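J.: have a look at this fold, sequence not included:
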C-alpha cells in the first residue's frame, strides 16, 4: 500500500518535538509552522482515509474502567450486531448505522505493580508518585514489548480476529494511565520511563487492531511519530489523540494537556498538520449533565472560527458519550441524555458509546435516541461548519437564580442600588429581588459561585456571536439560613471589597475580583468568560489590583477599577436557554436550544436573526429532529419552552 504522506525520519528533524530513544529528551519545535510543508504531501489531516465523517463506535472506559475483559468485548460485539430492534420500521443493528468499532481502553495491560486504579494483591504496591518516579511499567524489560494481562485477555489476537470475522473494527489503547510509566515528561519534574514507540506500534499491528487511542500518561508523547510509524506500515490506523502532544501543538493557556492551536502562531490556519483522526478537546467526562456541558464548552474554540479546526479527518472530541449511564428520575434522566446526544450531534463530535450494550433494558431505553437517523445525518453533514455554541440567554421566570455579573455603567436595570449594610451584607439592587420567589425579600451576595473558579463546567465561553459571556457570585435571599456565611467590608484606602468567612471557620479573608473575558485561559485552554468572584486579596502594585478595586457611586453603582470606570457590577439572571447551530447543505441550518439549568419552564422567543446562516426570510419552516414534524415559523421567531435540562432540536429550512 502506498504511504499516505511522505515518510520523514522524524528523529533526525531538529524542529520537531519528540523524545529520542538514546537521550530521552524533549526537542521543542522552534519553527514548527515551516516543518508542516516538509512532513505532509497533500492534505492537512492524517489523510489515511479514516474519520471523514465523525467516528462512531463503543469504548470500554466509561462503564467498565479497568475491569474490561475478553468476555465484555465479545458481548459488545454481539450487541452491536443485534437486529432484534427496528430503525424507521426496519430491523437494523447499530453496526448498520455505523457503530462498527469496538474498542478497549485502559486495563488490558499487565502492570508490574498493584496501582490505585488496578489493585492486584499478588503484585508489589505502587502509588501514583511511585509510578511518576519510573517504578511502574507494562513493557517487558527484555525487549520493550507491551505485556498483556492474560487473566483478562487470554488471546488478544483471537479477540481481534473474532471482531473482524463479524465485519467489525477493533481498537486498542496506548500511553496507559493505570500503570503510568513516568507520568508527564514535559514538566521535567521527575524521571521518565523510556518511550517505546516502535514496540507499541508493532504490538498494535501484530494483534491486528484497526485503531488506537493514545493517552498522555506514559512517556511516548509524540503523536506525529506514532502516525508516521503506522503510515510506514501500510495499514490505515484510526488515531485518537487524548491530551498527547504533537509538533503543531501550542498551549497559550499554559496547560499542555489540551491540543490548542496557538492563534498567535497559526491564526485561523486549517492547513496545519493534524496527525490524528480525532482529538480530545476537554477533560474526562462524567455521567451527569454538568460534566457533559463542560466538555461541550471545550469544543467551542475549535469550531467557532471562520476556518474551523474541527473538520473531516480531524475532529474535536468532547469525550466518549455517556448516554445510557445517567442516573436519576424520569423525565429528567431521559431529557438529560437526549440533550447530551443532541449536543454531540450538532458539533460533529465522534459518537462513541460507553454503556453496556448487552444490557437489554438500557438499550431499549436509549435506542430511539442513538438510532435517530436525522440526528446522525446532522452529525455527519459537512458544509464547512462543524457546529458550535452561538449564544446564551438569561434564565426566565420565578425560580430563576441570580448572580453578580459585569455590565457597562449605563444605568441599566440591576446596576444601581447596591448597598453594604451595617451587619456586613452586600445587598443587590431591590428591583431584582422578585426573581427567586414571589416575595420581595432582598437578595444578598453569597460566596458561592456559578463561575469557573468553583465549577469550570457551569460558565459558557465567549463566542463570536456572544463575546460578553460571564459568571459570578450567586445572589441568595438575605434572610435564608446560612445565606451570609460571613461578612463583607469595604476598605476605602485600598478600594477593595473583602469577605471574611464564618462558615466554615478558620478560612482566610478574600477579596472580590471582576476579571474580563480573555481569548485564552479557560480550564481547557479556550476563551475565558468574565467572572466576578472571590480571590486572594492583592498586594499593592500587583497585576490583580485593577480587577480587585471598586468604588461606590451616589446612585449605588459599584464600579470596577482598571476599566476606565465604565464597568459596573450588575445583579442578573444566570444563563438558562442556550443556542447551538450548524450550517447544513442547501441553506438548511440545524438548531439546538438547551436549558442548561435545573429550573423548569424556561422560555425563549428565539429570533431567526440569532441563528447564523438562516436565509429563508419570511418563508421559513422547522423540522423536529425527533418527531419529524414540520412547522411553519411565524414572524421570524420560534417560541420554545423547556423543562430542566431539556432541549429542542430542529432544522430550519425554506418552505416550498
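T.: Alright, I've got the coordinates. Because the structure is a prediction, the values reported are computed rather than measured.

J.: so residue 343 touches residue 292, yeah?
T.: Yes - proximity of residue 343 to residue 292 meets the contact threshold set by C-beta atoms under 8 Å, at 6.9 Å. Using the backbone N, CA and C atoms, a C-beta is placed for each residue, glycine as well.

J.: now for these two: what residues contact both?
T.: Counting by C-beta atoms under 8 Å, 6 or more residues apart in numbering, the common neighbours of residue 343 and residue 292 are residue 318.

J.: what about the strands in the stretch 551-656 of the chain?
T.: For the stretch 551-656 of the chain, the strands defined by DSSP state E, counting those that start in this stretch occupy 558-560, 567-573, 575-583, 589-595, 602-607, 620-624, 630-632, 637-642, 647-654.

J.: between these, which one is nearest to residue 383?
T.: strand 575-583 (5.1 Å; C-beta to C-beta).

J.: which other helices and strands contact the closest one?
T.: helix 332-346, strand 388-394, strand 589-595, strand 602-607 (3 or more C-beta pairs under 8 Å, 6 or more residues apart in numbering; DSSP states H and E).

J.: note down every partner strand of it and its orientation.
T.: As defined by DSSP bridges, the strand partners of strand 575-583 come to strand 388-394 (antiparallel), strand 589-595 (antiparallel).

J.: can you pull out the residues in contact with the first one?
T.: Same thing as strand 388-394. Strand 388-394 has contacts (C-beta under 8 Å, 6+ apart) with 296-297, 299-300, 303-304, 308, 347, 400, 460-461, 463, 465-466, 469, 572-582, 596, 604, 610-612.

J.: drop anything exposed from these.
T.: Buried by 16 or more other C-beta atoms under 10 Å: 296-297, 299-300, 303-304, 308, 347, 400, 460-461, 463, 466, 469, 572-582, 596, 604, 610-612, out of the contacts of strand 388-394.

J.: list the residues that contact the closest residue to residue 502 other than its chain neighbours.
T.: Computed as C-beta to C-beta, 6 or more residues apart in numbering, the closest residue to residue 502 that is not its neighbour in sequence is residue 486, at 4.8 Å. Counting by C-beta under 8 Å, 6+ apart, residue 486 makes contact with 424, 447, 499, 500, 501, 502, 503.

J.: now for these: which two are most distant?
T.: 424 and 503, at 13.2 Å, using C-beta to C-beta across those.

J.: between those two, which one's more packed in?
T.: residue 424 (15 against 10; other C-beta atoms under 10 Å).

J.: who's in contact with that one?
T.: Shown in contact with residue 424 (C-beta under 8 Å, 6+ apart): 484, 486, 487, 488, 489, 500.

J.: again, 6 Å this time
T.: 487, 488 (C-beta atoms under 6 Å, 6 or more residues apart in numbering).

J.: can you give me phi and psi for it?
T.: Main-chain dihedrals, residue 424, degrees, to the nearest 10: phi 90, psi 20.

J.: how about residue 109?
T.: Per degrees, to the nearest 10, the backbone of residue 109 is at phi -90, psi 160.

J.: contacts for stretch 50-67 next, please.
T.: Counting by C-beta under 6 Å, 6+ apart, 68, 72, 76, 98-99, 101-105, 107, 117-118, 178, 236, 238, 277-278, 312-313, 315, 320, 322, 325, 348, 350-356, 379-380 sit against stretch 50-67.

J.: just the ones of those in strands?
T.: In this view, the contacts of stretch 50-67 that belong to strands under DSSP state E are 101, 102, 103, 238, 278, 315, 351, 352, 353.

J.: for those residues, which one is nearest residue 568?
T.: residue 315 (41.4 Å).

J.: quick check: what element follows the helix or strand of the chain with the lowest mean pLDDT along the chain?
T.: Within the chain, no helix or strand scores below helix 32-39, which has a mean of 26 by mean pLDDT, DSSP states H and E. The first helix or strand that comes after helix 32-39 along the chain, using DSSP states H and E, is strand 56-59.

J.: direction included, what does that next one pair against?
T.: Partners of strand 56-59 in the sheet, by DSSP bridges, are strand 101-103 (parallel), strand 351-353 (parallel).

J.: do a quick rundown of the strands in the stretch 51-200 of the chain.
T.: Under DSSP E, counting those that start in this stretch, the stretch 51-200 of the chain gives strands at 56-59, 86-87, 90-91, 101-103, 169-174.

J.: quick one: low-confidence residue ranges for the stretch 401-550 of the chain.
T.: Counting by pLDDT under 70, the stretch 401-550 of the chain contains low-confidence ranges at 431-440, 449-458, 482, 504-505, 521, 523, 540-545.

J.: try 80
T.: 431-440, 448-458, 481-484, 503-506, 519-526, 539-546 (pLDDT under 80).

J.: quick one, strands of it?
T.: In order along the chain, the stretch 401-550 of the chain carries the following strands (DSSP E, counting those that start in this stretch): 402-408, 419-420, 426-427, 443-449, 470-477, 486-491, 496-501, 510-515, 530-535, 550-552.

J.: run through the residues that contact residue 654.
T.: 616, 619.

J.: how near is it to residue 166?
T.: 44 Å (C-beta to C-beta, to the nearest Å).

J.: of the strands paired with strand 575-583, which is nearest residue 626?
T.: strand 589-595 (11.6 Å).

J.: tell me which residues are up against that closest one.
T.: 339, 342, 346, 378, 576-584, 602, 611, 613-614, 640, 642, 646-652.

J.: rounded mean pLDDT for it, please.
T.: Here strand 589-595 scores 98 as its mean pLDDT.

J.: how far away from the center of its chain is it?
T.: On the basis of C-alpha atoms, centre = their mean, to the nearest Å, strand 589-595 sits 18 Å off its chain's mean C-alpha point.

J.: check contacts around the residue nearest to residue 594 when sequence neighbours are not counted.
T.: Excluding the flanking residues, the one nearest residue 594 by C-beta to C-beta, 6+ apart is residue 647, at 4.3 Å. Counting by C-beta under 6 Å, 6+ apart, residue 647 makes contact with 339, 342, 592, 594.

J.: closest one of these to residue 559?
T.: Nearest member of the contacts of residue 647 to residue 559, counting by C-beta to C-beta, is residue 594, at 34.2 Å.

J.: ok, residue 507 - contacts?
T.: residue 501.

J.: look up phi and psi at it.
T.: phi -100, psi 150.

J.: for residue 320, see how far away the residue nearest to residue 354 when sequence neighbours are not counted is.
T.: Take residue 354 and drop its neighbours on the chain: the residue closest to it by C-beta to C-beta, 6+ apart is residue 62, 2.9 Å away. Distance, residue 62 to residue 320, using C-beta to C-beta: 5 Å.

J.: what's the neighbour count on residue 96?
T.: Neighbour number of residue 96 under other C-beta under 10 Å is 15.

J.: also residue 55?
T.: When neighbours are counted by other C-beta under 10 Å, residue 55 comes out with 25.

J.: that one and residue 572, how far apart?
T.: From residue 55 to residue 572 the distance is 40 Å (C-beta to C-beta).

J.: cool, residue 304 as well?
T.: According to C-beta to C-beta, residue 304 stands 23 Å off from residue 572.

J.: what does residue 282 give?
T.: 27 Å.

J.: ok so, going back, got the strands paired with strand 56-59 as JSON lines, with mean neighbour count columns?
T.: JSON lines is the format used below for the strands paired with strand 56-59 (neighbours: other C-beta atoms under 10 Å):
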{"stretch": "strand 101-103", "mean neighbour count": "27"}
{"stretch": "strand 351-353", "mean neighbour count": "26"}
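
J.: no more questions from me, cheers.
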